[in-house]
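Novice: mind folding the following:
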Amino acid sequence: MNPAWCSSCLGDDDRAFPGLNGSGTRTGVSEQEQVDRLCRQLGVPTQTVGEGASLPLDVFEAAAVRCGVKVGTMPAMGRALAKQAGLPWGAACHSRATVSSGGPTVTREGLDVINRAVTQILGSANAKANA
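Specialist: Numbers count the residues shown, from 1 in each chain. Okay, the predicted model is just below:
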């Protein structure tokens, strides 16, 4: 975990907010905000979501590498991250039928699951390292 990043301090950890149940998905949270959150967690430079909401593949690859899952398509990496964190990954999380310029992609809901998974995985790794 990036020691300069704290999900609670930055307001990224929504488990304490009533009605959200740790979902992270709030009205008005854009794909760019979700990608920014993921970049902060990973300690990598923020990248811009492209035209037509094209997501930066290298940010997902960085998440996969940091969390120890296989690098592949965005939906495959998202599913692997969710599985490792014990979170559900359903049809609302990906757009396998929709092919962007980078191939199959994830939805805003999928970005939320990925962010929550990365928070849990990195948090657990950090706790183990400090034990």
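Novice: which parts of the chain are helices?
Specialist: Along the chain, counting by DSSP state H, helices occupy 7-10, 31-42, 57-67, 74-85, 108-129.
Novice: which of those helices has the lowest mean pLDDT?
Specialist: Mean pLDDT is lowest for helix 7-10 out of the helices of the chain, coming in at a mean of 45.
Novice: does residue 118 touch residue 68 like I think?
Specialist: No - taking contacts as C-beta atoms under 8 Å, residue 118 lies outside contact range of residue 68: 11.4 Å. C-beta here means a position set from N, CA and C on the backbone, and glycine is covered the same way.
Novice: between those two, who's got more neighbours?
Specialist: Taking other C-beta atoms under 10 Å, residue 118 and residue 68 do not tie; residue 118 has more neighbours (24 against 11).
Novice: re the thing from before, turn the helices of the chain into CSV, including distance to residue 93.
Specialist: Formatted as CSV, the helices of the chain follow (distance: least, C-beta to C-beta, whole Å):
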stretch, distance to residue 93
helix 7-10, 20
helix 31-42, 12
helix 57-67, 13
helix 74-85, 6
helix 108-129, 3
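Novice: for residue 51, which of the ones you listed is the nearest?
Specialist: Closest of these to residue 51 is helix 31-42, at 12.1 Å (criterion: C-beta to C-beta).
Novice: mind listing what's buried in that closest one?
Specialist: By neighbour count on 16 or more other C-beta atoms under 10 Å, the buried set for helix 31-42 is 31, 33, 34, 35, 36, 37, 38, 39, 40, 41, 42.
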